[in-house]
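A.B. asks: Pasted the sequence and its predicted model underneath.
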Amino acid sequence: MSQKEQIISLLNEKKTMTQGELSIAIYGDNRHMPNIYASLMNLVKIGIVNRTGEYPALYSLSGREYLEITKPKKEKTINLLMTNESIETVDAEVEATDNYGRENNLITECFKKYPNNTDIATVAMKIGLIDITNSTNISRYKRFISVVELAEIISLIPNIDERIKNGDPEVVTIIAKANGKINLFSFASKYCCYHNKNLYGRDDYSILDTVLKDSLPKMFTDIKKSNIQHWVDTYNYKAYNDYITRKLDEYGITISFRKRKFDHFVWFKNR
């Protein structure tokens, strides 16, 4: 389904939406508003979509029929030498950077000083730290959820610290669903991963972000971006995490903290 068809389908279901709401529905965040602007304006120009009001404008279907003829595009592939040695080398480069490496050390120090996730103020502090260092844009989602509400949701998860320590994938799903108004799949994967690795010295969680979502289908032939988006839309973190585990097994990646280092590897090579 093309982006224009996605917009039409969403407007058919929701009746009226803003550009930001369309971005969140399609991409899971509103950082991609510029990505849908051209498609949205084209639909307005040809009379398929109506635009009313300003700041923010509301979009709705005009009732005219839309037919799109597209040419199949050849997906660009990424050829990376993925071995224990190459991943270790890239991970060392990432950790040696003045920004990312030092920020990771700061996260580790903070989490060790404030390990528990049952106090709202402590959780809010850690949400803010992850948001700033990982650009998860929680602060931009205030229309849908506040830091206080998200901290309350996390702090009320039964046995959360023990479950994160043991690598329970369901914790990611619970955090990702949040209050039901927003999908925090990427943030949730990072929140659990940082605790599991930096605090407990384990490697149970795989991070998902925009770089991985775009890069994995170009690296591996057995996955498409639509597969990943489906896991995000259905909050099926376990399926995504199991996929990363399987690919690391297939490539014979046996190094310690292989999931965390694989994230560094993909990000550094495709940043």
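C.D. replies: Arrived safely.
A.B. asks: where's residue 180, which helix or strand?
C.D. replies: Secondary structure from DSSP states H and E places residue 180 outside every helix and strand.
A.B. asks: which stretches of this structure form helices?
C.D. replies: For the chain, helices defined by DSSP state H occupy the ranges 3-14, 19-27, 33-45, 84-95, 100-113, 120-134, 147-155, 160-165, 170-177, 185-194, 210-219, 225-233, 237-250, 258-270.
A.B. asks: closest to residue 63 out of the ones you listed?
C.D. replies: helix 3-14 (10.5 Å; CB to CB). Any C-beta I mention is one placed from the backbone N, CA and C, and that applies to glycine too.
A.B. asks: Now that closest one: average pLDDT?
C.D. replies: The average of the pLDDT scores along helix 3-14 is 86.
A.B. asks: between that helix and helix 19-27, how many degrees?
C.D. replies: In terms of direction (axes from the mean of the first three to the mean of the last three CA atoms, to 10 degrees), helix 3-14 departs from helix 19-27 by 110 degrees.
A.B. asks: How far does helix 3-14 sit from its chain's centre?
C.D. replies: The chain centroid and the centroid of helix 3-14 are separated by 22 Å under CA atoms, centre = their mean, to the nearest Å.
A.B. asks: just stretch 91-99 next, same as before
C.D. replies: The answer for stretch 91-99 is 22 Å, by CA atoms, centre = their mean.
A.B. asks: Next, the buried residues of it.
C.D. replies: 91, 94 (16 or more other CB atoms under 10 Å).
A.B. asks: Return the most buried member of the helices of the chain.
C.D. replies: Neighbour counts (mean count of other CB atoms under 10 Å) averaged over each of these peak at helix 185-194, with a mean of 26.
A.B. asks: and it, what does it pack onto?
C.D. replies: Packing contacts for helix 185-194, counted by 3 or more CB pairs under 8 Å, 6 or more residues apart in numbering; DSSP states H and E, involve helix 120-134, helix 170-177, helix 237-250.
A.B. asks: Now mean pLDDT and distance to residue 203 too, for those, in a markdown table please.
C.D. replies: Below are the helices and strands packed on helix 185-194 laid out as a markdown table (pLDDT from 0 to 100; distance: least, CB to CB, whole Å):
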| stretch | mean pLDDT | distance to residue 203 |
| --- | --- | --- |
| helix 120-134 | 95 | 18 |
| helix 170-177 | 98 | 15 |
| helix 237-250 | 98 | 10 |
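A.B. asks: Redo those helices as TSV? Include distance to residue 53.
C.D. replies: Listed next are these as TSV, based on distance: least, CB to CB, whole Å:
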stretch	distance to residue 53
helix 120-134	30
helix 170-177	31
helix 237-250	37
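A.B. asks: just to revisit the earlier point, would you turn the helices of the chain into JSON lines with distance to residue 55?
C.D. replies: Supplementary listing: the helices of the chain in JSON lines, determined by distance: least, CB to CB, whole Å:
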{"stretch": "helix 3-14", "distance to residue 55": "19"}
{"stretch": "helix 19-27", "distance to residue 55": "11"}
{"stretch": "helix 33-45", "distance to residue 55": "13"}
{"stretch": "helix 84-95", "distance to residue 55": "40"}
{"stretch": "helix 100-113", "distance to residue 55": "35"}
{"stretch": "helix 120-134", "distance to residue 55": "25"}
{"stretch": "helix 147-155", "distance to residue 55": "25"}
{"stretch": "helix 160-165", "distance to residue 55": "39"}
{"stretch": "helix 170-177", "distance to residue 55": "30"}
{"stretch": "helix 185-194", "distance to residue 55": "27"}
{"stretch": "helix 210-219", "distance to residue 55": "27"}
{"stretch": "helix 225-233", "distance to residue 55": "29"}
{"stretch": "helix 237-250", "distance to residue 55": "36"}
{"stretch": "helix 258-270", "distance to residue 55": "35"}
